[in-house]
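the following comprises the amino acid sequence and a computationally predicted model.
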Amino acid sequence: MTAPVTAPPVDAAFGDPRPVQRRTASSADRQRSGSFPPLRGLLPLGVLLAVWQILGSEASPYFPPPSTWARGLHRLWENGTLGPAARQTFVTFALSLVTATFLGALLGAVVGALRRLDRALGPTLEFARAMPPAAMVPIAALLIGYDERMKVAVVTLAAVWPILLNTRAGVRALDPVLLDTARCLHLNWFDSSRKCIVPALMPAILLGVRVAAPVALVITLLVEILTRVGGLGALIALSQRNYLSAQVYGLILVAGVFSFLVNGLVAVLEAYLFRHRPR
């Protein structure tokens, strides 16, 4: 008795016998990677600094080579000014970004959900968004004073808009089926927000945070340069006034590295929060 012969599977569209290839989703497809962004993006900067080091001259008053930047930063570290300044800039940046994230997500959700409120506040929001942060420094200094609160207020006002606009767009793009599901499950307002709305809005909020983070750092340095309130920006202004170009470039490099690290940490946080979602 012979075993039955099974025909190879036939493609429905062409009628050709083809082997069936079944692909199982691997763990890399099912989960997002939480690794830090690759450092190869810094390769052009490294090449530029290497060429600058080779062709630059220490006698140049405007374009000193990178080796002099390290000596300038070491001098600032030894006299005890670099550490406190970096800490003050970090505190201002962190407080401003957290405040902007909370306010932007809250206001964006409310404005995106209420169309009449959006039409009523639309001109005012557009006017406030177009205001240059540097123009707000004198007003904030007059109302608040030359202290940490003034810096946080100005930086928050500049960084809140990407988060607010992305959250508003995310609310308008919510799937109605999601809201209908929460309604069918008889979830109250708190449970609907915690289990349905907030997880659905997290990609839009984190995208706004990634856009707002470098803006917050730039405005922090700008406010410190303009007001001479403690921080890396105040050190940059002081070094520029004393014609210490090597220290200026070194401090700018420190600010750039800090911005890169913040962007990487936000990417890691995003990957961790969405680790159970498909790519």
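Good, I have the coordinates.

from now on I want contacts and neighbour counts done on CA atoms only, so please keep to that.
Noted.

can you give me the helices in this protein?
Taking DSSP state H, the helices of the chain run over residues 27-30, 43-55, 66-78, 82-113, 115-130, 133-143, 148-172, 176-184, 189-192, 198-227, 232-241, 245-273.

pLDDT below threshold where in the protein?
Residues of the chain meeting the criterion pLDDT under 70: 1-39, 276-279.

can you tell me the centre-most residue of it?
By CA atoms, centre = their mean, the chain has its centre lying nearest to residue 210, at 2.1 Å.

mind listing what that one touches?
Listed by CA atoms under 8 Å, 6 or more residues apart in numbering, the contact set of residue 210 reads 263, 266.

measure it to residue 203 for me?
Noted for residue 210: a distance of 11 Å to residue 203, by CA to CA, to the nearest Å.

and for residue 40?
25 Å.

between those two, which has more neighbouring residues?
Applying other CA atoms under 10 Å to residue 40 and residue 203 shows that residue 203 carries more neighbours, namely 17 against 9.

need the residues that contact stretch 248-258.
So stretch 248-258 is contacted by 66, 69-70, 72-73, 232, 235-236, 239-240 (CA under 8 Å, 6+ apart).

nearest to residue 84, of those residues?
Among these, residue 232 lies closest to residue 84 (CA to CA), at 9.0 Å.

list the residues that contact the closest one.
Taking CA under 8 Å, 6+ apart as the test, what residue 232 contacts is 82, 85-86, 88-89, 221, 224, 251, 255.

can you list those residues in CSV and add neighbour count and distance to residue 119?
What follows is the contacts of residue 232, written out as CSV (neighbours: other CA atoms under 10 Å; distance: CA to CA, whole Å):
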residue, neighbour count, distance to residue 119
82, 18, 47
85, 18, 43
86, 19, 42
88, 16, 39
89, 23, 37
221, 25, 34
224, 20, 36
251, 24, 44
255, 20, 39
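
distance to residue 174 added to those, as TSV?
Output for these, formatted as TSV (distance: CA to CA, whole Å):
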residue	distance to residue 174
82	46
85	43
86	40
88	39
89	37
221	37
224	40
251	43
255	37
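
just the CA atoms of stretch 50-59, as PDB, please.
Extracted in PDB, the C-alpha atoms of stretch 50-59 (Å, rounded to 0.1, in the frame of the first residue of the first chain):
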ATOM      1  CA  ALA A  50      40.400  66.200  13.300                       C
ATOM      2  CA  VAL A  51      40.900  68.300  10.200                       C
ATOM      3  CA  TRP A  52      40.500  71.400  12.300                       C
ATOM      4  CA  GLN A  53      43.200  70.100  14.700                       C
ATOM      5  CA  ILE A  54      45.600  69.400  11.900                       C
ATOM      6  CA  LEU A  55      45.100  72.700  10.000                       C
ATOM      7  CA  GLY A  56      44.400  75.000  12.900                       C
ATOM      8  CA  SER A  57      46.900  77.200  14.600                       C
ATOM      9  CA  GLU A  58      47.100  77.900  18.400                       C
ATOM     10  CA  ALA A  59      48.000  81.500  17.500                       C
END
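
offset the numbering so it begins at 46, please.
In the new count, where the first residue is 46, that last one comes out as stretch 95-104.

how distant is it from the center of its chain?
Mean-position distance between stretch 95-104 and its chain equals 33 Å (CA atoms, centre = their mean, to the nearest Å).

what do you get for stretch 220-232?
Between the centre of stretch 220-232 and the centre of its chain there are 31 Å (CA atoms, centre = their mean).

ditto for stretch 144-158
With CA atoms, centre = their mean as the basis, stretch 144-158 stands 16 Å off its chain's centre.

now swap in stretch 183-194 and tell me
26 Å.

buried stuff in that stretch?
For stretch 183-194, burial by neighbour count (16 or more other CA atoms under 10 Å) applies to 183, 185-186, 191, 194.

right, I'll leave it there.
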